[in-house]
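# Below is the sequence, then the predicted model.
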Amino acid sequence: MFGFSSTQAYLEKFGIHADLFRYLIVGGLIFTRFFIMTQFVPFWGGRPIPGRVRISLSVAFLIFFFGPVYEANTVPVPGGGILFVMFMKEILFGMLMGLSLSIIFYGIQSAGNMIDNQRQLANARIFNPALGGQSSLFGVFYYQFSLVIFLTLGGHRMFIAALARSFQFVPIMSLPPVMLHPADHPMIDLMIRLAANTLLVTLQLAAPVLVAIFIADLILGLTNRVAPMINVFEMGFNIKGFVGNLLAYLSIPLVFYQMKVFFLQALDNVEKLMRYFMK
């Protein structure tokens, strides 16, 4: 029967001294952090990517980071419940790291949904496999546009660099105080602010179209007061659709610049999350 002690004794006959149990635990903790993160980060996987691809990607990162992380963590491997809590910590940290970045993509897609809702085309919905849900036409367009901008800026490289630094700020063999005393923790305040800022991201990106459609509604309302015989309700469908499309495409340079600002802020929030997690 397989056993770590018997296998180590067998390897020592050939002059190979290795703590197989420690290798397994350290590798499992690193793999857990990366695998959970790939469930949330859109440019790494997401729901449309097969599970075997995400596992292979996590294993590739495990092989790359295993050596430095193993040498940096010299704390003895705990047993029992403490080891289980360490794996739960890696699941929590990987989930928070992925959410802190992916939440900006949800806000950008919501901006497109708001635009379609105001131009009265919210019922024309298609499936967005990257986020695993239905979205409007401009919602999918804004999401794909934001993904291209993020990759063009090199955000994926900056995020991977942040992951490498995460093993310094959040060692795999230590437990954060947030798991013991979660009340009034700065990390919880950060995640609440990120969730609240999603609405601000949505409103800022959709503002040009919302203002234009509001002005169009105001003009149509005045027209209805001056000339009640005109069918303003029917005219509104055509006018709002035209104005919404026109302003959405004219505001693309502004949206492009603002998305870059949002992504840089999101990457900065990832850095803050790493520092706050162990406080």
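Thanks, I have it.

# Name the helix or strand for Q265, please.
helix 252-277 (DSSP states H and E).

# elements contacting that helix?
helix 81-118, helix 137-152, helix 155-169, helix 186-226 (3 or more C-beta pairs under 8 Å, 6 or more residues apart in numbering; DSSP states H and E). All C-beta spots, glycine's among them, are computed from the backbone N, C-alpha and C.

# got those as TSV, with distance to V255 columns?
TSV is the format used below for the helices and strands packed on helix 252-277 (distance: least, C-beta to C-beta, whole Å):
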stretch	distance to V255
helix 81-118	8
helix 137-152	8
helix 155-169	16
helix 186-226	6
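
# Of these, give the one that comes closest to N238.
Ranking the helices and strands packed on helix 252-277 by proximity to N238 (C-beta to C-beta) places helix 186-226 first, at 10.5 Å.

# mind checking how far that closest one is from the chain centre?
22 Å (C-alpha atoms, centre = their mean, to the nearest Å).

# And for G98, nearest residue in space, chain neighbours not counted?
F40 (2.8 Å; C-beta to C-beta, 6 or more residues apart in numbering).

# Spell out the secondary structure type for the one you found.
Secondary structure, DSSP: H, G, I helix; E, B strand; the rest coil: F40 is coil.

# which residues does it contact?
F40 makes contacts with M95, G98, L99, L101, S102, as judged by C-beta atoms under 8 Å, 6 or more residues apart in numbering.

# can you redo the helices and strands packed on helix 252-277 as CSV with mean neighbour count?
Output for the helices and strands packed on helix 252-277, formatted as CSV (neighbours: other C-beta atoms under 10 Å):
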stretch, mean neighbour count
helix 81-118, 20
helix 137-152, 19
helix 155-169, 16
helix 186-226, 16
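
# between those, which gets nearest to I252?
If we rank the helices and strands packed on helix 252-277 by C-beta to C-beta, the stretch that ends up nearest is helix 137-152, at 7.9 Å.

# packing partners for the closest one?
By 3+ C-beta pairs under 8 Å, 6+ apart, helix 137-152 packs against helix 81-118, strand 125-128, helix 252-277.

# Would you single out the least confident of these?
Here the lowest mean pLDDT among these goes to strand 125-128, at a mean of 66.

# Select, out of the helices and strands packed on helix 137-152, the one closest to L220.
helix 81-118 (13.5 Å).

# that older thread, could the contacts of F40 go into CSV alongside distance to G28?
What follows is the contacts of F40, written out as CSV (distance: C-beta to C-beta, whole Å):
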residue, distance to G28
M95, 17
G98, 19
L99, 22
L101, 24
S102, 24
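
# wait, isn't M86 in contact with L175?
Yes. At 6.8 Å, M86 and L175 qualify as touching, with contact defined as C-beta atoms under 8 Å.

# quick one, what contacts the residue nearest to A164 when sequence neighbours are not counted?
Take A164 and drop its neighbours on the chain: the residue closest to it by C-beta to C-beta, 6+ apart is F65, 7.0 Å away. By C-beta under 8 Å, 6+ apart, the contact list for F65 reads I30, A164, F167.

# and the gap between F65 and F93?
Noted for F65: a distance of 14 Å to F93, by C-beta to C-beta, to the nearest Å.

# N117 now?
Applying C-beta to C-beta to N117 and F93 gives a distance of 36 Å.

# What's the separation between the most centrally placed residue in the chain and A227?
Nearest residue to the geometric centre of the chain (C-alpha atoms, centre = their mean): S102, 1.6 Å. Distance from S102 to A227, counting by C-beta to C-beta: 49 Å.

# and what of M88?
For M88, the distance to A227 - C-beta to C-beta - is 67 Å.

# do W44 as well
Counting by C-beta to C-beta, the gap from W44 to A227 is 56 Å.

# Next, the buried residues of stretch 58-74.
S58, F61, L62, F65, V69, Y70, N73 (16 or more other C-beta atoms under 10 Å).

# Just say helix, strand or coil for S135.
strand.

# Verify the stated contact: it with Y143.
Yes. The pair S135 and Y143 passes the contact test of C-beta under 8 Å, sitting 7.1 Å apart.

# Give me the residue ranges of the stretch 1-150 of the chain where confidence is low.
Residue ranges of the stretch 1-150 of the chain with pLDDT under 70: 1-20, 45-48, 121-134.
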